[in-house]
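[1] what's the 3D shape of this:
(chains A and B)
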Amino acid sequence: MPNSAALEPIQHINVKLFALPAAPEGVLDAAIPVFHRWIQNSACPELLIDVADYRHVPDGPGVILIGHEANYSLDCEGGRLGLLYNRKTRSEGSFEQRLRLSYQRALQAAQLLEREPEFAGVLKFDPACLEVVVNDRLLAPNTEQTWRLLKPHVQSVFREMLGERALALDWISSDPRERFRVRVDASGPSSESETAA
Amino acid sequence: MKASNSLWRERLAAQMPPQLAREIDVFESELTLRKQGKIDEKVFAETRLRRGCYGQRYDNGQRHDGIAARTLRYPSGELIKGPNTLWDAPGMQRIKVPFGGLNARQLEVLAELAEEYADGIAHVTTRQDFQLHFVHIEDTPSIMRRLAAVGITTREACGNSVRNVTGCPLAGVCRDEVFDVTPYAKACAYFLLGHPDCQDFGRKFKISFSGCRDKPCALARIHDIGLIAATRMEDGRLRRGFEVYVGGGLGPVPYQAKLFTEFLPAEELLPTAQAIARIFARLGEKKNRNRARLKFLVEKLGIDEFRRLVAEERAALPHDPAWTSYLPEAERFEETPSRPPSQLVPLESSNGGGFARWMATNVYRQRQPGYVTVTVRLPLGDITAHQLRKLADAARRYTPEAVRTTVEQNIVLRWVSEADLPALYEELKQAKLAAPGAGTIADITACPGTDTCKLGISASRGLARELERRFQHEGDALDGAARSLRIKISGCFNSCGQHHVADLGFYGVSRNKYNYTVPHFQVVLGGQWSENGGAYGLAVAAVPSKRIPEAVDRITKKFLAERIEGETFQQYVKRTGKAALKQALEDLTEVPPHEVDASYYTDWGDAREFTTEDIGIGECAGEVVSSADFQLAASEREVFEAQLLLDRGEVQAAAKLALEAMLHGARALLNLPQNAAVEDQVVVDEFRRQFYDTQLFFDPFVGGTFANHFFRAWESRHEPPTSDGVRRLVSEAQLFIDACHSCRGRLAAGSAKR
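    Sure thing, here's the model as predicted:
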């Protein structure tokens, strides 16, 4: 069994929910007024501060709603659009509770975004297709050891969150310089798998 | 904020230079003490600035969200990290990169920091630094330690200190340079870093090294000390040295540097820089920040007296072996390529037109046969963490890790063997780093502006983004003469986007229209980018932000249609005259009422209405506005005409009219009827009483500076005018009138609230 003491310090868990393919062009443009509105309405539990516009950066962070505890963004990293929840401050509870919180916040924001008039019917996220990134290389280096430590917990959380669907976990291990990253996919018909990509 | 903050110190202990590690420990202690309220906030503010930790927009905890000004309630409450700067508010971390030189590992660390502590972006500045935005102050010691472990310091990146020493990114490979200035720039940067003689400045101090006189790569003439490589034959030996300029600077009122000496021997470089620093520390202004740059001291003393004082100071300095110990190595310094030289094999058709377009604009043939320098064009100076890693890979694979940032917010890879170009292009293309158009009209420089800067008035990056988007589609269709123009944009009058030296420069201002505040940019035409920033442009007209793309389109088309074969843009502007250029833009200055087109009342990339308050229209306010409008229009016209007179060499008349423009601006605020028989002295006195003494006129960031321009112009009205002096007076008059517009906007908002 993994050492729970080793898990304790791991914070800053990011979750990116991928958009379903065929998101229309101009989706990033529309995110700017939406995020400004979210600040006006305090639409998220975090303290929301400002909107950062990186539409000009190819495969970049897109449009970011800067918050104190976390950022939300319509993110294009890796050439794939998604709603990214980037946890900046510590969160309470166990690793699994922290992962669950990040996932729930990402999901809530994605659902809120889908309901915005600018995106209604044109932008849809898949709650079962996502990436988990630990944004701290010192506490969670992109290594086999981290993968072995975190895998059962990631698995446990998403089995619980996504129900009985087949769950595929892929550790993106190709570049040790990258942050620790796991792709979670329960959207397809494939049988359950755990791989290191 | 980061859970791992407490661990980096121990983890990196063996990798950090001891002195740097100690400095960061001290900073961390000061940070803790400030958190406990045991260090004065002003002292801590300067401390953190000297470590590169700068404030960001809204860090006073107030932000207008488009509906109302709201308080940002951070967990740390009222705890502050400087006057009016909340502890938890995101800040900016500036990272000094002397002469822009970086290796692959350093790029990778920058990538890590951008991801873990900022918003995923590393931003290259107009002075070859990197900046990370939205950083929490408590993460900064970890950032500094991780940088220190790869040989980078943030020390004196901000604050009243010697800022990043910049240098030509082509130094050592340039076809035109006199010699490679790299080792001299490096020696100067590290000699002055933390030097006791550089710790008591009234303001910042900027130094730049250029390898040649004619090219703009290091902009030597806009610096406090600008050094241009020069040689001289002495006793049958070729001696290295520098042509030295002092007292240059942009800012609200740009100053051309004055020639200090035509030849300063290399062995005198460091002691002379030290002597200048000592003179600046001793005699430079300390109380009034807005007159505290070296340029004001040089102007006040006169270049001859300044030169004499420096010589005297130099003679009295005790010898320091560091002045010359680096010289033998500097003379031998040469980068060694990692790949053999080669010739580019004629292109395969599979490379397509993209490669050829990229080759035409982004590849520079080095003076060393078989090698080229490749420019990686970064949109608005931004690069992602993933791209930084890919760039590090390319730097390792194709170069001796010879990477440099540029003052045009790009990155260059030097010593690429020509035959490697197709493979390098493919790698850069994969990383989305192969955008063509480096050094063209599409390669726009912009400061952070309202995106993150506390001083920003208009959205310089938003405008740059929009212009780049248009040029992406239309740029190739432009004639070569227009394609090579430079566009530079600043969000305010402080000129961080270096608009004064652009062909087409813009700086953010605001104008009151129909009781709303409307974002505008002043159009500044005819600045000179070449010859190290050899001449400054002058403001032609304030155009609403949303119409600037039309203004660019109109000016470039007019230039192409009317230019004489071989004519440069500067020559064209001079020949055409600013009056005709202003006239060409006249209709674009119109702003439709809000109910007709609300888009004018927001800025590029920002959905919020530009005003800081919802402004009601009262009858009283309406009358005041109407009168002020009339007077301010007169002042705008007069300052423009003053520019024209100056261009014609009618210095005295220009000075007179610039002062009249300022008087008109003051009358507008005093709400005096156009032809009221009120003595000018009364206008000045009343303006001082009603607007200066009450601080109503004060700009939130530069205080009473613009009013002081007015008072100084009035007090010196009988002095014989000089060409340089009047050029500054005209610029100051424009700034004063811009400030009148802002003040009027604030007053209107105030009366609406009441």
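
[2] show me what the strand ranked longest in chain A is in contact with.
    When chain A is parsed with DSSP state E, its longest strand is strand A:125-134. Residues outside strand A:125-134 that contact it (CB atoms under 8 Å, 6 or more residues apart in numbering or on different chains): A:10, A:12-20, A:82-83, A:99, A:102-103, A:106-107, A:110-111, A:113-114, A:140, A:146, A:150, A:154, A:162, A:165, A:179-187. Every residue, glycine included, has its C-beta placed from N, CA and C.

[3] what residues does the stretch 601-750 of chain B have near chain A?
    Selection of the stretch 601-750 of chain B residues close to chain A by CB under 8 Å from any CB of the partner chain yields B:605-608.

[4] please list the members of those that lie in helices.
    Judged by DSSP state H, helices contain none of those.

[5] reformat these as TSV; add neighbour count and pLDDT.
    Formatted as TSV, these follow (neighbours: other CB atoms under 10 Å in any protein chain shown; pLDDT from 0 to 100):
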residue	neighbour count	pLDDT
B:605	23	92
B:606	22	92
B:607	17	92
B:608	20	93
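
[6] and those residues, which is closest to residue A:121?
    When these are ranked by distance to residue A:121 (CB to CB), residue B:607 comes first, at 21.2 Å.

[7] quick check: phi and psi on that closest one?
    phi -80, psi -10 (degrees, to the nearest 10).

[8] partners of the longest strand of chain A in the sheet?
    strand A:13-19 (antiparallel), strand A:180-185 (antiparallel) (DSSP bridges).

[9] redo these as JSON lines? Include mean neighbour count and mean pLDDT.
    What follows is the strands paired with strand A:125-134, written out as JSON lines (neighbours: other CB under 10 Å; pLDDT from 0 to 100):
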{"stretch": "strand A:13-19", "mean neighbour count": "24", "mean pLDDT": "98"}
{"stretch": "strand A:180-185", "mean neighbour count": "22", "mean pLDDT": "97"}
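
[10] which segments of chain B make up each domain?
    In terms of domains, chain B is parsed into B:5-148, B:174-332, B:349-430, B:445-753 (source: automatic domain parsing).

[11] packing partners for the biggest helix by length in chain A?
    Ordering each helix of chain A by length in residues (DSSP H) puts helix A:95-115 first. Here helix A:95-115 touches strand A:13-19, helix A:27-41, strand A:70-75, strand A:82-87, strand A:125-134, helix A:144-162, going by 3 or more CB pairs under 8 Å, 6 or more residues apart in numbering or on different chains; DSSP states H and E.

[12] and it, how far out from the chain middle?
    Put simply, helix A:95-115 sits 8 Å off its chain's centre (CA atoms, centre = their mean, to the nearest Å).

[13] per-residue confidence averaged over that helix?
    Averaging pLDDT along helix A:95-115 gives 97.

[14] what angle sits between that helix and strand A:82-87?
    Interaxial angle, helix A:95-115 versus strand A:82-87 (axes from the mean of the first three to the mean of the last three CA atoms, to 10 degrees): 140 degrees.

[15] now helix A:95-115: buried residues?
    Using 16 or more other CB atoms under 10 Å in any protein chain shown as the test for burial, helix A:95-115 gives A:95, A:98-103, A:105-110, A:112-114.

[16] so that helix versus helix A:27-41, what angle?
    110 degrees.

[17] keeping just the C-alphas, turn helix A:95-115 into PDB.
    Coordinates of each C-alpha in helix A:95-115 appear next as PDB, following Å, rounded to 0.1, in the frame of the first residue of the first chain:
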ATOM      1  CA  PHE A  95      -5.100  13.700  -1.300                       C
ATOM      2  CA  GLU A  96      -8.300  12.100  -2.500                       C
ATOM      3  CA  GLN A  97     -10.400  14.800  -1.000                       C
ATOM      4  CA  ARG A  98      -8.200  17.400  -2.700                       C
ATOM      5  CA  LEU A  99      -8.400  15.700  -6.000                       C
ATOM      6  CA  ARG A 100     -12.100  15.400  -5.700                       C
ATOM      7  CA  LEU A 101     -12.400  19.100  -4.900                       C
ATOM      8  CA  SER A 102     -10.400  20.100  -8.000                       C
ATOM      9  CA  TYR A 103     -12.500  17.800 -10.200                       C
ATOM     10  CA  GLN A 104     -15.800  19.100  -8.800                       C
ATOM     11  CA  ARG A 105     -14.700  22.700  -9.200                       C
ATOM     12  CA  ALA A 106     -13.700  22.100 -12.800                       C
ATOM     13  CA  LEU A 107     -16.900  20.300 -13.500                       C
ATOM     14  CA  GLN A 108     -19.100  23.000 -12.000                       C
ATOM     15  CA  ALA A 109     -17.300  25.700 -14.000                       C
ATOM     16  CA  ALA A 110     -17.600  23.600 -17.200                       C
ATOM     17  CA  GLN A 111     -21.300  23.200 -16.600                       C
ATOM     18  CA  LEU A 112     -21.700  26.900 -15.900                       C
ATOM     19  CA  LEU A 113     -19.800  27.700 -19.100                       C
ATOM     20  CA  GLU A 114     -22.000  25.400 -21.100                       C
ATOM     21  CA  ARG A 115     -25.100  27.200 -19.900                       C
END
